[in-house]
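Student: need a structure here:
(one chain, ligands or ions: 1)
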Amino acid sequence: MNYEAVIGLEIHVELQTRSKIFCGCSTAFGDEPNTNCCPGCLGLPGSLPVLNRRAVEFAVMAALALNCRVQERSIFARKNYFYPDLPKAYQISQDDFPLAWGGYLEVDFPEGSRRINLLRAHLEEEAGKLIHAGDSIISAAYSLVDYNRAGVPLLEIVTEPEIRSGREARLFLEELRTLLRYTGVSDVKMEEGSLRCDANISLRPVGSSKLGVRTEVKNLNSFRAVEQALNYEAERQARILDEGGEIIQCTCHWDDSRKATAVMRLKEGAADYRYFPDPDLPPLTLERSAIEALRDKLPELPREKRQRLQERYGLNAEEAAIIAATREMAAFFEQAAEDYSDHRNLVNWVQGDLIYQLRESGKEITQLSPVLLIELLELLDGGEINRPVAKELLEEMVKSGAAPRKLVQQRGLGKIADRGELAPLVEQVIAENPAAAENYRSGKKKALAFLVGKVMALTRGRADPQELNRLFQEILKK
Ligand SMILES: [Zn+2]
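Tutor: Below is the predicted model:
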């Protein structure tokens with residue numbers, strides 16, 4: 001039978017505040033385990049939570065960027081469950097009264113752009129991090145726990161089940177990451193866990209509106225894993241349904257090395273968590289004017305920026321997406337475009353060689369001045385250097401920040417147009433290739449290109465081809 005997948009995502013975003021959400025401990029990533037902890041985030045008796053204002057501001061900004069309705073009053077609730085990474089045996093989260101309702105993200109899918117609606121966004125605290133011995137949580141002989149992460153502020157974003165494939169889930173997450181990176185509230189690094197995603201998926205016959213039994217997939221550590229795990233799960237469920245079997249509601253773990261899901265536990269319902277309002281925290285109240293002031297702090301968002309770059313600089317959609325992938329890259333491009341009018345040439349260099357060299361050298365675009373790129377392009381446009389030299393200089397410029405004009409002088413990379421320098425090379429090539437020289441003299445014009453090519457090779461492309469043509473013609477006429 002033909003099925004349609006119904007996919008909803010739950011995304012956890014670590015907000016990049018300097019301290020934790022309910023205490024003053026550092027949120028630095030990668031510190032020695034269990035060094036950024038206090039009685040508060042370890043849940044010792046008698047300690048009380050104090051809400052971090054910055055975490056609230058960041059959460060509101062993200063919610064506004066996602067078109068959510070931010071609530072003037074929301075309530076922190078205890079989500080009760082016992083797990084080794086949760087020393088209080090409850091997580092401070094939000095339940096019936098979240099920070100924000102609704103919202104949407106517009107995503108460009110291959111079939112066209114579509115809004116994916118959001119259900120809600122709420123604030124909560126991170127749990128600690130379990131480090132399992134061996135490759136897999138299921139086969140681990142033991143696990144270690146690091147409480148440095150316990151209490152890092154999290155924004156949980158829940159989508160409506162409007163995503164239809166693993167590919168769509170991936171594109172949605174990539175767009176979400178770009179948007180959140182723009183707002184500056186999170187570094188959204190999936191590899192460091194500051195952006196994480198759980199997905200639930202069910203199947204229904206195409207055309208039906210009835211919902212099937214869903215499974216939840218956890219441990220999706222990369223965009224690729226999200227796509228693969230959902231495709232795997234869709235195929236697995238379809239096979240069971242086709243054989244007349246029944247899908248069992250459960251939580252599964254994606255095993256990236258086996259490229260398969262494995263059942264972790266049968267799914268709990270919300271009732272199992274025994275949510276209740278946290279008696280240690282008053283309701284979170286926000287003035288409408290304060291919410292609007294945070295909206296004013298939002299930068300131009302990716303969708304608007306891509307649109308504007310297309311209109312203003314004549315970029316196509318794909319180019320605009322590459323240039324506007326980060327605010328920093330777009331700022332670099334726009335700064336360069338102000339002083340360099342050949343925007344077509346500029347975008348070709350930025351999206352091609354420049355981005356390639358940044359990736360190769362591990363440098364950030366903010367480490368490079370647009371002035372240097374313009375200097376390089378002007379050397380090339382003015383014929384002072386050739387293209388291979390320009391590429392070589394770009395690599396050097398990205399690596400060391402050296403100015404291209406200076407490099408040309410230091411290394412003698414400029415074009416050789418001096419007849420005194422070229423003439424001996426022309427003589428040499430004629431002497432070494434008497435047959436070609438004879439062919440030219442007897443009227444085969446093509447032989448000239450061959451001879452010019454030989455001098456080009458000797459000078460690694462730096463000889464001025466027009467001057468060479470003239471020299472060969474003069475010398476061969478003698
Ligand atoms: Zn603490």
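
Student: what helix or strand does the residue lying closest to Asp353 once chain neighbours are set aside sit in?
Tutor: Residue nearest to Asp353 in three dimensions, not counting chain neighbours: Leu394, with 5.5 Å by Cβ to Cβ, 6 or more residues apart in numbering. For every residue, glycine as well, the C-beta is placed using N, CA and C. Assessed by DSSP states H and E, Leu394 sits inside helix 387-400.

Student: Now that helix: buried residues?
Tutor: Val389, Ala390, Lys391, Glu392, Leu393, Leu394, Met397, Val398 (16 or more other Cβ atoms under 10 Å).

Student: In which helix or strand does Tyr182 reside?
Tutor: helix 166-183.

Student: Show me what the helix or strand following the helix holding Leu394 is packed against.
Tutor: Remark: after helix 387-400, the chain's next helix or strand is helix 404-411, criterion DSSP H and E. Helix 404-411 sits against helix 370-381, helix 387-400, with contacts defined as 3 or more Cβ pairs under 8 Å, 6 or more residues apart in numbering; DSSP states H and E.

Student: Need the residues that contact the top helix by length along the chain.
Tutor: In the chain, taking DSSP state H as the definition, the longest helix is helix 223-242. Residues from elsewhere that reach helix 223-242 (Cβ atoms under 8 Å, 6 or more residues apart in numbering): 1, 3, 5, 7, 165-167, 169-170, 173-174, 190, 197, 199, 201-203, 212, 215, 217, 219-220, 246-247, 252, 254, 256, 259-261.

Student: Pull the distance from that helix to the chain's centre.
Tutor: 24 Å (Cα atoms, centre = their mean, to the nearest Å).

Student: and the stretch 201-350 of the chain, which of its residues are near the ion?
Tutor: Within the stretch 201-350 of the chain, not a single residue sits near the ion (Cβ under 5 Å from the ion).

Student: Show me the helices in the stretch 201-350 of the chain, by range?
Tutor: Using DSSP state H, counting those that start in this stretch, the helices of the stretch 201-350 of the chain run over 223-242, 288-296, 302-313, 317-323, 327-339, 343-349.

Student: what element comes up after the longest strand along the chain heading to the C-terminus?
Tutor: For the chain, the longest strand by residue count, based on DSSP state E, is strand 112-125. Going down the chain from strand 112-125, the next helix or strand is strand 129-132, by DSSP H and E.

Student: now for that next one, which elements pack on it?
Tutor: Other elements packing on strand 129-132 under the criterion 3+ Cβ pairs under 8 Å, 6+ apart are strand 143-146.

Student: Check which element follows the strand it packs on along the chain.
Tutor: strand 153-159.

Student: Give me the nearest residue to Gly30, chain neighbours excluded.
Tutor: Sequence neighbours aside, Glu192 is the residue nearest to Gly30 in space, at 8.0 Å (criterion: Cβ to Cβ, 6+ apart).

Student: Relative to the ion, how far out is the one you found?
Tutor: Distance from Glu192 to the ion, counting by Cβ to the ion, to the nearest Å: 20 Å.

Student: and what of Pro388?
Tutor: In terms of Cβ to the ion, Pro388 sits 56 Å off from the ion.

Student: what's the answer for His132, then?
Tutor: Applying Cβ to the ion, one obtains 24 Å for the distance of His132 from the ion.

Student: Repeat that for Asn433.
Tutor: 78 Å.

Student: Neighbours of that residue, how many?
Tutor: 16 (other Cβ atoms under 10 Å).

Student: Name the residues of the longest strand of the chain that are buried.
Tutor: Arg114, Ile116, Leu118, Leu119, Arg120, Ala121, His122, Leu123, Glu124, Glu125.

Student: Let me see the contact set for the residue in the stretch 151-300 of the chain that the ion sits nearest to.
Tutor: Residue of the stretch 151-300 of the chain nearest the ion, by Cβ to the ion: Gly151 (5.5 Å). Shown in contact with Gly151 (Cβ under 8 Å, 6+ apart): Lys20, Ile21, Phe22, Cys23, Cys25, Gly40, Cys41, Glu125, Glu126.

Student: tell me what the helix holding Tyr182 is packed against?
Tutor: Secondary elements touching helix 166-183 (3+ Cβ pairs under 8 Å, 6+ apart): strand 3-14, helix 53-65, strand 104-109, strand 195-205, helix 223-242, helix 302-313.

Student: relative orientation of the third one and helix 302-313 in degrees?
Tutor: When you say that, I think you mean strand 104-109. Between the axis of strand 104-109 and that of helix 302-313 there is an angle of 50 degrees, by axes from the mean of the first three to the mean of the last three Cα atoms, to 10 degrees.

Student: For the nearest residue to Leu376 once chain neighbours are set aside, give me its contacts.
Tutor: Sequence neighbours aside, Pro404 is the residue nearest to Leu376 in space, at 4.2 Å (criterion: Cβ to Cβ, 6+ apart). Counting by Cβ under 8 Å, 6+ apart, Pro404 makes contact with Leu372, Glu375, Leu376, Leu379, Leu393, Leu394, Met397.

Student: before we move on, what about Leu155?
Tutor: Leu155 makes contacts with His12, Val13, Leu15, Phe58, Ala59, Ala62, Ala63, Ala121, His122, Leu123, Val185, Ser186, as judged by Cβ under 8 Å, 6+ apart.

Student: Having no further points to raise, I will conclude here.
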